[in-house]
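[1] mind folding the following:
(one chain, ligands or ions: 3)
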Amino acid sequence: MDKLYLGSHVNMGAPDYYLGTVKAALDMGENCFMFYTGAPQNTIRKPTNLLKIDEGRALLKNSGLDESKIVIHAPYIVNLGNVTNSKTRELAISFLKEELKRVNAFHVKTLVLHPGSHVGAGIDAGIQGIIDGLNEVLKDDQSDVKIALETMAGKGSEIGAKFEELAKIINGVIKKDRVGVCLDTCHISDAGYDLSNLNKLLDEFDRVIGLDKLLVIHINDSINSRGAHKDRHANIGVGLIGFNVLVNFVHHPRLVEIPKILETPWINEKPPYAEEIKMLKSKQFDANWAYKF
Ligand code: FE
Ligand code: FE
Ligand code: ZN
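    Ligands and ions are numbered 1, 2, ... in the order given. Prediction:
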């Protein structure tokens, strides 16, 4: 079996918090995972000393997991690209400064962030807003946490649906070693990229951004066809990207070191990740798997 870091988004909640997150990931056969430090849709956060971080980390270590492959996702309402509403921007900046401290408290090294939306101000203004915001957020932060800007589907005024836009942002950041990219398969397909020739796609990523900047991959199928700009995730092998293309991402020799995270929809209120991971690892699609739920 080749080396492979494969996991999913996992919830964190009372009463066990991080300990519960680690347990849930292990139960689903994962050796890496992603979580939010609180609710994804708001910026209310509990103090980290209540989140059973030490207990979670002890379990991680006992289970032989590589802590450097674990990922935190920033809430998606944070928008550094909104240059017309100073309140939204200031909230995003102050939240992200605190979020970096929380990520560091978990001993996690990667924070996935949606770059932002320009909400009508135009792409260039939005990109400049994101650059200025990131520089402000990183200015006084002494940690080694990296911010992974996620590739977006391009719905509404989202920035980051083109590799070139992410490259522009990274180029404008002063502390360049602190920023990288999270590639989401559903999002780039929706953005218009052809995923069927992965080597060619990675060459393009390498030319525009640099493959060394690729920190995380989100493995999702898409309900919509290429270029739809919709961002609706489908379960593995039942969307329009298809099983074989996703297997390619999971097992590609140029991507071995990169943690791969599933964010596919739950089925009948249950996480489908144990089954999806099994199929991706074995490269065998089971057409009936969804009916087991
Ligand atoms: Fe995301
Ligand atoms: Fe994603
Ligand atoms: Zn998405």
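
[2] residues near the residue in the stretch 51-200 of the chain that ligand 2 sits nearest to, how many?
    Nearest residue of the stretch 51-200 of the chain to ligand 2: Asp184, at 3.7 Å (Cβ to the ion). (Glycine included, C-beta is placed from N, CA and C.) If you count neighbours by other Cβ atoms under 10 Å, Asp184 ends up with 27.

[3] spit out the contact partners of it.
    Going by Cβ atoms under 8 Å, 6 or more residues apart in numbering, Asp184 touches 150-152, 217-218, 220, 263.

[4] grab the most central residue of the protein for me.
    Val112 (4.8 Å; Cα atoms, centre = their mean).

[5] thinking again about what came up before, taking the contacts of Asp184 together, which two end up most distant?
    Using Cβ to Cβ, the two most remote members of the contacts of Asp184 are Met152 and Ile217, lying 14.6 Å apart.

[6] more crowded one of those two?
    Met152 (25 against 22).

[7] how about that one, what does it touch?
    Counted by Cβ under 8 Å, 6+ apart, Met152 has contacts 114-115, 158-161, 184, 187, 191, 231.

[8] could you rerun that using 6 Å?
    By Cβ atoms under 6 Å, 6 or more residues apart in numbering, Met152 lies in contact with 158, 160-161, 187.

[9] for it, helix, strand, or coil?
    Three-state call for Met152 (DSSP: H, G, I helix; E, B strand; the rest coil): coil.

[10] circling back to that earlier point, which residue, other than its chain neighbours, is closest to the residue of the stretch 51-200 of the chain closest to ligand 2?
    Among residues not flanking Asp184 along the chain, His218 sits closest, at 3.9 Å (Cβ to Cβ, 6 or more residues apart in numbering).

[11] can you list the strands that the host helix or strand of the one you found pairs with?
    Per DSSP states H and E: His218 is located in strand 214-219. Sheet pairing of strand 214-219 (DSSP bridges) gives strand 179-184 (parallel), strand 260-262 (parallel).

[12] which other helices and strands contact the helix or strand just after it?
    Downstream of strand 214-219, the next assigned helix or strand under DSSP H and E is strand 221-222. Contacts defined by 3 or more Cβ pairs under 6 Å, 6 or more residues apart in numbering; DSSP states H and E place strand 221-222 against helix 185-191.

[13] for the next helix-or-strand element following the helix it packs on, give me every contacting residue.
    Next helix or strand after helix 185-191 toward the C-terminus (DSSP H and E): helix 198-208. Outside of helix 198-208, the residues within contact range by Cβ under 6 Å, 6+ apart are 163-164, 167, 248, 252, 254.

[14] kindly export helix 198-208 (C-alpha atoms) in CSV.
    Below are the C-alpha coordinates for helix 198-208, written out as CSV (Å, rounded to 0.1, in the frame of the first residue of the first chain):
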residue,chain,number,x,y,z
LEU,A,198,-4.3,15.3,-13.9
ASN,A,199,-0.6,15.5,-14.9
LYS,A,200,-1.5,18.4,-17.3
LEU,A,201,-3.5,20.1,-14.6
LEU,A,202,-0.7,19.8,-12.0
ASP,A,203,1.7,21.2,-14.6
GLU,A,204,-0.5,24.2,-14.9
PHE,A,205,-0.8,24.6,-11.2
ASP,A,206,3.0,24.3,-10.9
ARG,A,207,3.6,26.9,-13.7
VAL,A,208,1.1,29.5,-12.2
